[in-house]
Structures are given as structure tokens and as C-alpha cells.
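Novice: here is a sequence with its predicted model. Questions after.
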Amino acid sequence: MPPVVLISPPIIGKKPSLLIPSLGIGYLASALRQAGIEAGIIDAPALGMDFEAVCNQIKSARPELVGITSTTPLADSAYQLARKIREHTNWLILGGAHPSAVSAKIFDECPEFDFGFRGEGEQVFPELAKKLLEGDRNTDLPGVISPGRGSEPALVQDPEPLPFPAWDLLPMTRYRHPLFPGLQVATVISSRGCPYQCIFCDKSVCGSKFRPRSPENVLKEIEELYFQHRIRALIFYDDLFTLEAERVLEICRKIIERGIRIKWKCEGRVNLVDENTLSWMKRAGCAQIAYGIETAHQKGLDWLNKGVKVSQVEQAVRLTKNAGIKVLGYFIFGIPVESYEEELESVEFAIRLKLDYVQFASLSPFPGSRLYEVAVENGWYRESPGLAPEEYGERRPLLITAYWTEDRLKAVLRQAYRRFYLRPGYILRSAIRPTGLWDLVKSGFRLTRWMERE
């Protein structure tokens, strides 16, 4: 095994219904290689490895440096792994969204770590690794934190020159997404950062500055995935793929010109789509756009600082469906200015919009967001295992008020999923899609199990 190993740890508790590549460690591995440092990757969830299996592999290989990635909900998974492998490596580092948001708090929660990394690591992490591997303990670098020493998050000003993720080190045949049954799935980040200021968004990793890669650079990566790794389904993991319409159009044109027949999904924003762009996206293989709809009520949108109108939601969904692209709507429950009954009206709104899919979630004050500050100031911050079907990890941040108790959140989520997905008309439409009956059985089984647990 190489001297540096990067790990996506096993997940404690509820297992995800989708498996996608960890782009963070993929990018870091390729950056290390470019710096002349051999690296390996263990994507434990994708490989079906538990803590003991990962620990045994590290114990056998004894790499000099191990990096673990973690979001806040999955921090306990990272900590448990760190405790198990601490004695089998010289240096242990935590990266990802969690240390980016909470900084030195990670050392109070898990003193086994030598360092943490905040922000984007492709340019700095190889320098840190080189220093540690050479015995140089002068780690005064951007983004690097240690007990007693903080740092502002590191930022890659221009992602264009970065090498593509080390796809050959990832178990590419293992990745799956319910939207693309039977197809190998990969993820691509074609831009970083989002200039909008939604109250619940954690920008501690990528920040607010929009930094796009050129369409040509994006296409080179798509071609590598398509021709070398036989990928036929793609998820753009940009915070906001549709921010620059002309750039989106150019990416679509190049996909079509080069004969790449691939299905893909992206994140959009309801005030940033138009009929012409959607038409090109459909021709280039776009199968689904996910919109942060959040609520049917303008007062809720305003409290969340979304910067959009309900009328723009309605128009964007109509245009997208007219273009033949499926729509996934994200909705948030537990907004302090809304009642239980008003949030059930959001479910009716989703039905009226004829959305293809929805994800209902509890309002989560993630560290690094403005909402986290509001929650702490008001004594509303709590942590709990994820409440909704697609919320994973044992430390999901919750906003708990005198009105929005955990029991009330569970109740509204349960009623919302039942009302939307268990309608006879929705079940019938789902069953007649290609592979629809089998997908319906699997989804229904997951939803039923979740409802029984709750």
C-alpha cells in the first residue's frame, strides 16, 4: 500500500440508497500523484467494508499518513475509524465539510487526529503530506489546523488546472443511483462556489465565489469517464450548475457534437432556467434537474433568504417538464415562520406541480451556515440521527424550537412522504415507466421500513 491512504469511512446506522464517488478524496489522490506522492483510496461504503475490515487493511499496510473525509452527520463514523487505526499510522488527518465548519472542535471530540484540513485541499494538502513524510513538522500552511492552531479555509482560486479525480483508484463499478437503474454512475464538479446566500447553506468548503471550469475542460473529463470507464450516467455535483446559461449551453453543445450518449442530473435554481437552455440540456442527455423549492409559502422563502418567488418556482417546473426533463423538488420542514398545517400545504403544492420526485427534509443548521449561528443564539441547535429517509449519519443537525419539536418534525415528514408517494395515481405512473415496477418495489420497501421505524 502507498505511503498515503485516503478513506471514506463506513457509515454508522442507516445505509444510503445511493452510492456515489467521493470527489474530495479523488481530487486529493490525483493532486498527490501530481506532486510525486503515491496515494491509495479506500471507499468503505462503496466496497461494503465495515470498521474492522478497514482497520485490518490499514494495520497490514501501515501507511505513514491516513486522511479521512467527513461531513458533520457522519463525523461519528470518522471518529470511530480514527480510534481504531490510530496506532497503525504515523499521521492522522481529518478533512471534508466537518472540520471545515467546526475547525479545532474536532480535536476536543477526537484527540486521535494530528491535523485537520479546512476548505479545498488540492493545492495545499500535497505540500502538507510531503512535509510530514520528510519529517518536517513546520505545518504553518493555509487550511491546516492542529490542536492550538487554527486557520482560515484554503481556497482554489482557479479549478481549471487541477488534475481530474483519480478515477482508477475508485471502485467505479460499485457506484449506483436510483435515478439511473442498471447504469454505472460517476460525479463531476464543473464549478465551485455559489454567490447566493440561503440561510441554511454551509459554504465553509467552497465559499461564495463562483469559479467555473471551461466547457472544454469539463468535456475532457466527461470523455475520460465515458470512453475509459464506460460511465453512462453522470451527476453534476456543482452547488449551482445553471448559474451561467451560456456556459451550460456550450457544455451541452460539446456533448452532442462529440456523440456522447450519457444521461445526467444537475442542481438548478428556479430563477436561472429558460426554455432555450432547457431544450439544449434535454438534447444533451439531461434526465433530471433538482430544484430547491423548499416551501409553497413566500414568507418561508424569505425567512430562508432564498431570493426567489413562488411564481418563479411554478414557471421553472412548468418549463422543465415541458422540455421533457424530470424534476426533483427539495422541500424543508421545520421553518420557524411556518406551521404544521402550512407545511402540509407545501406537500399539496408539490402534488399540484406534478413533480416527479421529492425529498422532504428537516431544516438543518449545519455548522458553517448562517442558520447555525441563529440556532445557537436561540438555543435551537440539536443533533440527532437523520429523521427523513435520505438523511444519513448519527449527528444530523436539527433546529428544534418550542413549536418544531422532534416529534412534530417526525410526524410531518411521515405524513408528507405518505401523502406524496403513496397516491394511487403516482404509484400507477411510476409502475409503467421502464424498469418502473422494480424501482417502485424497492423504493416502496425502503419507505415502508422507514415509516415503521418512525
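Specialist: Alright, I've got the coordinates.

Novice: tell me the phi and psi of the residue nearest to Gly148 when sequence neighbours are not counted?
Specialist: Ranked by C-beta to C-beta, 6 or more residues apart in numbering and with sequence neighbours excluded, the top spatial neighbour of Gly148 is Ala104, at 7.7 Å. Any C-beta I mention is one placed from the backbone N, CA and C, and that applies to glycine too. Backbone torsions for Ala104, taken as degrees, to the nearest 10, come to phi -70, psi -10.

Novice: same check, this time on Ala411
Specialist: The phi and psi values for Ala411, taken as degrees, to the nearest 10, are phi -70, psi -40.

Novice: cool, Val156 as well?
Specialist: When read as degrees, to the nearest 10, the backbone of Val156 gives phi -90, psi 110.

Novice: ok, it touching Glu120?
Specialist: Yes. Between Val156 and Glu120 there is a contact at 4.5 Å, judged by C-beta atoms under 8 Å.

Novice: need the residues touching each of those two.
Specialist: Residues touching both Val156 and Glu120 by C-beta atoms under 8 Å, 6 or more residues apart in numbering: Arg192.

Novice: how many residues are close by Ser311?
Specialist: 10 (other C-beta atoms under 10 Å).

Novice: roughly how far does it sit from Gly292?
Specialist: Ser311 sits 16 Å away from Gly292, taking C-beta to C-beta, to the nearest Å as the criterion.

Novice: before we move on, the earlier item: now do the contacts for the residue nearest to Gly148.
Specialist: For Ala104, the contact set (C-beta under 8 Å, 6+ apart) comprises 116, 145, 147-150.

Novice: got it, and Gln415?
Specialist: Applying C-beta under 8 Å, 6+ apart, we find Gln415 in contact with 344, 347.

Novice: can you tell me the element it falls in?
Specialist: Gln415 is located in helix 406-421, with elements delineated by DSSP states H and E.

Novice: can you point out the buried residues in that helix?
Specialist: Buried residues in helix 406-421, counting neighbours by 16 or more other C-beta atoms under 10 Å, are found at 408-410, 412-417, 419-421.

Novice: swap in stretch 325-341?
Specialist: Along stretch 325-341, the positions that meet the burial threshold by neighbour count (16+ other C-beta under 10 Å) are 325-329, 331-336, 338.

Novice: tell me which residues of stretch 137-150 come out buried.
Specialist: Using 16+ other C-beta under 10 Å as the burial criterion, the residues of stretch 137-150 that qualify are 139, 141-146.

Novice: closest one of those residues to Tyr403?
Specialist: The nearest member of those to Tyr403, counting by C-beta to C-beta, is Ile145 at 37.3 Å.

Novice: could you verify that the closest one is part of a strand?
Specialist: Yes. The secondary structure assignment for Ile145 places it in a strand, going by DSSP: H, G, I helix; E, B strand; the rest coil.

Novice: correct me, but it touches Gly119?
Specialist: No. Under the criterion of C-beta under 8 Å, Ile145 is not in contact with Gly119, lying 10.4 Å apart.

Novice: distance between the ends of stretch 387-403?
Specialist: Looking at stretch 387-403, the gap from its leading to its trailing residue is 17 Å under the measure C-alpha to C-alpha, to the nearest Å.

Novice: got the phi and psi for the residue most central in space within the chain?
Specialist: Centrality entry for the chain: nearest residue to the mean C-alpha point is Tyr237, 7.1 Å, by C-alpha atoms, centre = their mean. Tyr237 adopts backbone torsions of phi -100, psi 20, taken as degrees, to the nearest 10.

Novice: wait, which of the buried residues of stretch 325-341 is closest to Glu112?
Specialist: The shortest distance between Glu112 and any of the buried residues of stretch 325-341, using C-beta to C-beta, involves Gly334 and amounts to 34.0 Å.

Novice: tell me the pLDDT of the closest one.
Specialist: According to the predicted model, the pLDDT of Gly334 comes to 97.

Novice: excluding sequence neighbours, find me the nearest residue to it.
Specialist: Leaving aside its chain neighbours, Gly334 sits nearest to Leu363 (4.0 Å; criterion: C-beta to C-beta, 6+ apart).

Novice: quick one, what contacts that neighbour?
Specialist: By C-beta under 8 Å, 6+ apart, the contact list for Leu363 reads 200, 332-335, 371, 398-399, 404.

Novice: switch to 7 Å and redo it
Specialist: Each residue near Leu363 by C-beta atoms under 7 Å, 6 or more residues apart in numbering is listed here: 200, 332-335, 399.

Novice: ok, Ser30 next?
Specialist: By C-beta under 7 Å, 6+ apart, the contact set of Ser30 is 163-166.

Novice: look at it and report its pLDDT.
Specialist: For Ser30, the predicted pLDDT is 98.

Novice: picking up where we left off before, now the residue nearest to Gly148: how far from Arg370?
Specialist: The spacing between Ala104 and Arg370, counted by C-beta to C-beta, is 21 Å.

Novice: about what we covered before: nearest to Val5 among the buried residues of stretch 325-341?
Specialist: For the buried residues of stretch 325-341, the closest approach to Val5 (C-beta to C-beta) belongs to Leu328, at 34.7 Å.

Novice: now the helix holding Gln415: average pLDDT?
Specialist: Across helix 406-421, the per-residue pLDDT values average to 95.

Novice: equivalent analysis for stretch 154-168, please.
Specialist: Stretch 154-168 shows an average pLDDT of 96 in the prediction.

Novice: and that stretch, which residues are buried?
Specialist: Within stretch 154-168, the residues that qualify as buried are 154-156, 159, 162, 165-167, counting by 16+ other C-beta under 10 Å.

Novice: what's around Phe241, how many residues?
Specialist: The number of residues packed around Phe241, counting by other C-beta under 10 Å, is 27.

Novice: ok, now Asn322?
Specialist: Asn322 - counted by other C-beta under 10 Å - has 12 other residues nearby.

Novice: tell me the pLDDT of the residue of the chain positioned farthest from its centre.
Specialist: Among the C-alpha atoms of the chain, the one farthest from their average position, using C-alpha atoms, centre = their mean, is that of Gly135, at 34.9 Å. The confidence metric pLDDT takes the value 92 at Gly135.
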